[in-house]
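Participant: Could you look at this predicted model? Sequence included:
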Amino acid sequence: MNIGKFAPKASIVIAATIMALGAQQASAQGLPPGGRPSVGLQAFNACTVTDYATVAATALNITPAQLRASFVKGQTLTQIATSANVPYQTVSDALQAARKIDIDQAVKDGVITQAEGTTLETPATAPAPNSTRVVPTGGGGIGGGGQRSGGAAGNQFPDISTINLLLQVASGTPVAGGGFGQRGNGGAFNVSLFDRVKPYAVAAQVLNLKCTDFVISLITPPGQSIPTVAAAQKVDPQAVTDALTKAYQTALAQDVTDNIITQAQSDQLSTTLNTAVTTFVNNPTPMQARPQATATQ
C-alpha cells in the first residue's frame, strides 16, 4: 500500500499532537499556556547530536538496535527497562547525566542561559510503566530531533520516533488514541531523542554553519528559509536536499541490517522520503519565527 495516500491524515494527527506537546513543554518550563521556549532553547534541542540510544542501551545492558526495535514495536522505555530487569531510574539517570553534559556546554557556548540550563537539568518524574504520557525533563524539549518545530511538523521523516506511526498509517491501522503516542514512549524522554538523523544538524553541516547558529537564523523574526540561508552561504539548496535524503536512506538501510524493519517496510517508508525532504528544504518557515522569543546572548 502506498503510504503517500495517507500522508494528509498523518499530518493532521501529528500536527494536533505536536501542539499539545508544545503546551506541555511550555508548562514544564514555567511559561504560561501557549508560551514558547526561547530561541536558544529551540536551537539547543534541534541540534543535540549525542548518541542517546547508546547511552540508554548501555544502561539497559542491551544493544542500541534492540532498543530501537523495541520502540518500533510500540514499547515504552519503562516497559523496556522492566523487561531488561533494570530500574527505570537507572536508565533515566544515565540519560540525564549525558544530557547535563550537553546542557552545560550549551550554557558555556552562550546558546542558552544559565537559568534555562538549570531548568533543563531538573529531573523529570517518570510516568507509570505502561504510560505513553510525555514528561519533558525540566524545561523539556528533551527531544533533540527538532522535528516538532514550525513547518517541520508536517515532515514525516522516517526515524525511530515516526516509523511506528508511518507503518500503521500505511497499513490502514487506526492510530491508538487518535494521537502521536510514539513521541511519549521514551518515558520522561521524548522518543525523538533517539532518532538516528538530526535534520537541522545535517543541513547546517552542508551550509558550513554551526547548527545552533543555523537554527537561530531560521527562528529569529522575521525568520528565514533554508534556500535563503543557503544563498547567503553560497551553497546550492539541492546539496541540503541530497544530504538529508542520503542520511535517511542510510538510516533506513541500517535499520534493515539491524533487523529493526524489513526491506519491504524500508521500501514503503522510502516512498515519501523525497517529498518530506523537499518540503522541509523548501518550506518558507522550516522552523517558524518566534515573535515571543528573545535570542540568548
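Facilitator: Nice, I can see it.
Participant: could you say what helices and strands the helix or strand encompassing residue 248 packs with?
Facilitator: Using DSSP states H and E, residue 248 sits in helix 237-257. Helix 237-257 is packed against helix 199-206, helix 226-232, helix 263-270, helix 273-282, with contacts defined by 3 or more CB pairs under 8 Å, 6 or more residues apart in numbering; DSSP states H and E. C-betas here are computed from N, CA, C, even on glycine.
Participant: Buried residues, the first one. List them.
Facilitator: This means helix 199-206. Counting neighbours by 16 or more other CB atoms under 10 Å, one finds that the buried residues in helix 199-206 are 199-206.
Participant: Switch those residues over to CSV; also include distance to residue 165 and pLDDT.
Facilitator: Converted to CSV, these look like this (distance: CB to CB, whole Å; pLDDT from 0 to 100):
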residue, distance to residue 165, pLDDT
199, 17, 94
200, 21, 94
201, 23, 94
202, 22, 96
203, 23, 96
204, 26, 96
205, 27, 97
206, 28, 98
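Participant: List the buried residues for stretch 52-60?
Facilitator: 52-53, 55-57, 59-60.
Participant: which residues sit against it?
Facilitator: Contacts with stretch 52-60, where a contact means CB atoms under 8 Å, 6 or more residues apart in numbering, come from 63-64, 66-68, 77, 80-81, 84, 86, 90-91, 93-95, 98-99, 144, 160, 189, 193-194, 196.
Participant: from the residues you listed, which would you call buried?
Facilitator: Applying 16+ other CB under 10 Å to the contacts of stretch 52-60 flags 64, 66-68, 77, 80-81, 84, 86, 91, 94-95, 98-99, 144, 160, 189, 193-194, 196 as buried.
Participant: mind listing which of these are in helices?
Facilitator: Under the assignment DSSP state H, the buried ones among the contacts of stretch 52-60 contribute 64, 66-68, 77, 80-81, 91, 94-95, 98-99 to helices.
Participant: Quickly check these for the two that are furthest apart.
Facilitator: Maximum pairwise distance in those, criterion CB to CB, is 21.6 Å, between 66 and 99.
Participant: tell me the two of the buried residues of stretch 52-60 that are most distant?
Facilitator: When CB to CB is used, the two most widely separated members of these are 52 and 60, lying 12.1 Å apart.
Participant: if you average pLDDT over stretch 170-182, what comes out?
Facilitator: Stretch 170-182 shows an average pLDDT of 55 in the prediction.
Participant: just use 143 as the starting number from now, easier for me
Facilitator: Taking 143 as the first residue, the last one we looked at is stretch 312-324.
Participant: Can you read off the pLDDT for residue 358?
Facilitator: Residue 358 carries a pLDDT value of 88.
Participant: count of residues packed around the closest residue to it other than its chain neighbours?
Facilitator: Here the nearest residue to residue 358 in space, its sequence neighbours aside, is residue 185; by CB to CB, 6 or more residues apart in numbering that works out to 5.0 Å. Residue 185 has 31 neighbours, counted by other CB atoms under 10 Å.
Participant: Same check on residue 376?
Facilitator: Here the neighbour count serves as a burial measure; for residue 376 (other CB under 10 Å) it reads 8.
Participant: re earlier: I'd like to know which of the ones in helices among the buried ones among the contacts of stretch 194-202 is nearest to residue 410.
Facilitator: Distances from these to residue 410 were compared by CB to CB; the smallest belongs to residue 210, at 17.5 Å.
Participant: Identify the residues contacting that closest one.
Facilitator: With contacts defined as CB under 8 Å, 6+ apart, residue 210 is in contact with 195, 302, 336, 397, 400, 402.
Participant: quick one: it and residue 250, what's the gap?
Facilitator: In this view, residue 210 and residue 250 are 31 Å apart by CB to CB, to the nearest Å.
Participant: Residue 425 contacts residue 367, correct?
Facilitator: Yes: at 6.7 Å, residue 425 counts as touching residue 367 under the criterion of CB atoms under 8 Å.
Participant: now the strands for the stretch 243-392 of the chain?
Facilitator: Remark: strands of the stretch 243-392 of the chain are absent; assignment by DSSP state E, counting those that start in this stretch.
Participant: Relative to residue 391, which of the ones in helices among the buried ones among the contacts of stretch 194-202 is nearest.
Facilitator: The closest of these to residue 391 turns out to be residue 210 (CB to CB; 16.7 Å).
Participant: re earlier: just name the most buried of the helices and strands packed on helix 379-399.
Facilitator: When the helices and strands packed on helix 379-399 are scored by mean count of other CB atoms under 10 Å, the highest mean neighbour count falls to helix 341-348 (a mean of 23).
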